[in-house]
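Trainee: Turn this into a model:
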Amino acid sequence: MADRTAPSSRPRRRTTDAAARGVDVRGWLGNLRLSGFMVIMMGLVVLAAFVLVPTIGTFVSQRQQIAALQDAVSVTADEVSALQAQQEQWKDSAYITAQARERLYYTRPGEVLYLVIDDLPASQAPQDKPEVSDTVEQTRSDWMAQLVRSVTESGLAQTAVPVQIGVPDPAPAPTG
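Mentor: Residues are numbered from 1 along each chain as shown. This is a model prediction of the structure:
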């Protein structure tokens, strides 16, 4: 048997020499051995990735839609509870009487109703408008250019989507 502690006949390569000359990619690829099983398994992994990525995207978008619908349901439930509370108030005859007096100015027989027209303080009262002059003045603007600019801006403006309470926003439509 040979002595294992004896120095090898081959000289050892130092890591500094390998780092200095760089990595030989051809040698590394030459040592890589692919078996048929490994190729089949890599093919299955790639196939699974192609199959699962769209499914995961669909799952995430459906979860977002579910969350939006749950929010809409909670908003609608709050509205329903507020309307039920208001319906309970309308069952009370005192509330109905108070609303008739307040909104429709109903009175009981023998009562006199006084309406105060100008009950705002002077600071909140509407200011008097300046008087209209009797002389005609000529404007110094080009009304035709303003008209064309107004029409083109209105034609190029983006339309706003009306807000619907309790309904989730639809997917945005492509613009172009």
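Trainee: Which secondary structure element of the chain has the lowest mean pLDDT?
Mentor: helix 15-21 (a mean of 54; mean pLDDT, DSSP states H and E).
Trainee: which is the next helix or strand following that helix?
Mentor: Once the chain leaves helix 15-21, the next helix or strand it forms, by DSSP states H and E, is helix 25-31.
Trainee: Following the chain onward from that following helix, which element is next?
Mentor: helix 36-90.
Trainee: Now do that next one: which elements does it pack against?
Mentor: Using 3 or more Cβ pairs under 8 Å, 6 or more residues apart in numbering; DSSP states H and E, no helix or strand is in contact with helix 36-90. Every residue, glycine included, has its C-beta placed from N, CA and C.
Trainee: Please work out the average pLDDT along the helix or strand that comes right after that helix.
Mentor: Following helix 36-90 in sequence order, the next helix or strand is helix 93-104 (DSSP H and E). The average pLDDT for helix 93-104 rounds to 91.
Trainee: Looking at per-residue confidence, what score does Ser150 get?
Mentor: Reported pLDDT for Ser150: 88.
Trainee: Which strand or helix spans it?
Mentor: Using DSSP H and E, Ser150 falls within helix 143-156.
Trainee: Pull the distance from that helix to the chain's centre.
Mentor: 32 Å (Cα atoms, centre = their mean, to the nearest Å).
Trainee: Same question for stretch 86-99.
Mentor: The chain centre lies 40 Å from the centre of stretch 86-99; the measure is Cα atoms, centre = their mean.
Trainee: Could you do stretch 148-163 as well?
Mentor: 23 Å.
Trainee: Check stretch 92-109 too.
Mentor: On Cα atoms, centre = their mean, the centre of stretch 92-109 falls 45 Å from the chain's centre.
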